[in-house]
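Undergrad: Got a predicted structure here, sequence first:
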Amino acid sequence: MSKSYSSSIEKRAEELDTIAAVLPIERRDELAEMLTDQDVETLRHPVNANAAVRAPRR
């Protein structure tokens, strides 16, 4: 496995941490290998939008 491939997977795994509320965290590393950067970005938008809607209002 090349160093750039490993670093790409590590980056993707860290990005998956930000959407862990809707994905099983114990599968983070496996998902990081299966998903592309674009897949992660696509998943992150609805999760962040949902978090904004659920945020407590003052």
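TA: It's in.

Undergrad: buried ones in stretch 6-15?
TA: 9, 12-13, 15 (16 or more other CB atoms under 10 Å). Backbone N, C-alpha and C define where each C-beta goes, glycine included.

Undergrad: from those, which two are the most distant?
TA: In terms of CB to CB, the buried residues of stretch 6-15 reach their longest pairwise distance at 9 and 15, which sit 10.7 Å apart.

Undergrad: Just give me the closest of the buried residues of stretch 6-15 to residue 45.
TA: When the buried residues of stretch 6-15 are ranked by distance to residue 45 (CB to CB), residue 15 comes first, at 12.1 Å.

Undergrad: Let me know the helix or strand that that closest one is in.
TA: In the assignment (DSSP states H and E), residue 15 maps to helix 3-17.

Undergrad: mean confidence for that helix?
TA: Predicted confidence along helix 3-17 averages 80 (mean pLDDT).

Undergrad: ok, now stretch 25-38?
TA: 85.

Undergrad: buried set for that stretch?
TA: In stretch 25-38, counting by 16+ other CB under 10 Å, buried: 28, 31-32, 35.

Undergrad: Give the helix, strand or coil label for the nearest residue to residue 18 once chain neighbours are set aside.
TA: Residue nearest to residue 18 in three dimensions, not counting chain neighbours: residue 44, with 6.5 Å by CB to CB, 6 or more residues apart in numbering. Under the three-state scheme (DSSP: H, G, I helix; E, B strand; the rest coil), residue 44 adopts helix.

Undergrad: Could you state which residue of this structure sits nearest its centroid?
TA: Centroid-nearest residue in the chain: residue 16, 2.0 Å away (criterion: CA atoms, centre = their mean).

Undergrad: so what's that residue closest to, chain neighbours aside?
TA: With CB to CB, 6+ apart as the criterion, residue 16 has its nearest non-adjacent residue at 5.0 Å, and that residue is residue 28.
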